[in-house]
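Q: pasting the sequence and the predicted model now:
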Amino acid sequence: MRRMFVRAAITPATGSRPARRPCLRGSGGPLRRGLALLGRLGRAGLSAAGLLLAAAPASAQLLTLHYQERPPYSSAGADGQVRGLLATPAARALTAAGIRFAWVDTPGQRQLALIQAGRGLHCGLGWFRNDERAAQGKFSRALYRDRGFVALARRDAGLPPSIAAPELIADRRLRLLVKEGYSYGAELDALIDRLVPTLVRTSVEPLQLLRMLRSGRADWTIATAEDAALHVDAMLVAVTLKGLAGGPTRHLYCSGELPDDWLARIDAALAAAGEAADGVAGGAR
């Protein structure tokens, strides 16, 4: 994981300079001294430390906000700030909620492991909501709603400009490249489970997945319209998937230890900003 910076408040155009390491501020002095003493007391002290942190105000605690380097959804600029279709509304909501956070560039599977372990203050950026995930973590209100999914295919696969999603998924001559642990929305996930296509599974990150597709390791993958538009070229083509409902919503996906009042403040900020109405984002999560 690559930690980018810590901000107590974020102004998208002129945010504060990156900090190299997270730190506790606000009620910092007494809290640090208390934690140091508890550490010297051993296991009992460490157990009590959790109570100390729980009692500390939000201004004295730090949320780790996990993202992936993936323009145009989330990308660190030259100034170290992370911006994008998902990153910008998330940062604004956390700032409005008065929650200090640090951006950390983290692979998707590692994000899931940290969040679903239930310990610490962790949120992942832009995850789809499903029942399995909801049972192991907490979701915010929607950050954005995707425009919809397409097939991003090799041109030599010979696909037509548009095709019904069940027809394409059921064609076992074609290899579908999917990322382990990711969801492509409830509708496509159900079709994949039911029709049992020829799958090529990988744990690599999105840009590496595209390199696999270009190298001929698979014939097609699933992407959002926005994501696919960035990668169409002489080798890859976007194919409309007919018959699908509108795109799913994307959320902050957070560990069980995230205080409920924090989540309520984040949701209120998102609602006030209107970010959940008709935004656009991209890619499978």
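A: Thanks, I have the structure now.

Q: what bits of the stretch 151-285 of the chain have low per-residue confidence?
A: Along the stretch 151-285 of the chain, the model assigns pLDDT under 70 to residues 275-284.

Q: break down it into its strands, ranges please.
A: Assigned by DSSP state E, counting those that start in this stretch, the strands in the stretch 151-285 of the chain fall at 162-164, 175-179, 198-202, 220-224, 236-242, 249-254.

Q: can you pull out the helices in this structure?
A: 28-40, 43-55, 87-96, 108-117, 131-134, 165-170, 186-195, 206-214, 225-229, 260-273 (DSSP state H).

Q: in stretch 150-169, what's buried?
A: Val150, Ala151, Leu152, Ala153, Arg154, Ala157, Leu159, Ile163, Ala165, Leu168, Ile169 (16 or more other CB atoms under 10 Å). C-beta here means a position set from N, CA and C on the backbone, and glycine is covered the same way.

Q: nope, stretch 256-271 is what I meant
A: Glu257, Leu258, Trp262, Leu263, Arg265, Ile266, Asp267, Ala269, Leu270.

Q: check stretch 117-134 too.
A: So, applying 16+ other CB under 10 Å, buried residues of stretch 117-134: Leu121, His122, Cys123, Gly124, Leu125, Gly126, Trp127, Phe128, Arg129, Arg133.

Q: would you list the strands of the stretch 151-285 of the chain in JSON lines and tack on distance to Phe139?
A: Output for those, formatted as JSON lines (distance: least, CB to CB, whole Å):
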{"stretch": "strand 162-164", "distance to Phe139": "31"}
{"stretch": "strand 175-179", "distance to Phe139": "20"}
{"stretch": "strand 198-202", "distance to Phe139": "25"}
{"stretch": "strand 220-224", "distance to Phe139": "19"}
{"stretch": "strand 236-242", "distance to Phe139": "26"}
{"stretch": "strand 249-254", "distance to Phe139": "4"}
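
Q: which one of these lies closest to Gln116?
A: Of all those, it is strand 249-254 that lies closest to Gln116, at 9.1 Å by CB to CB.

Q: just the CA atoms of the closest one, as CSV, please.
A: The C-alpha trace of strand 249-254 is given here as CSV (Å, rounded to 0.1, in the frame of the first residue of the first chain):
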residue,chain,number,x,y,z
THR,A,249,-24.5,2.8,-7.7
ARG,A,250,-21.1,3.1,-6.0
HIS,A,251,-20.4,3.7,-2.4
LEU,A,252,-17.8,4.1,0.3
TYR,A,253,-17.4,0.6,1.8
CYS,A,254,-16.2,0.8,5.4
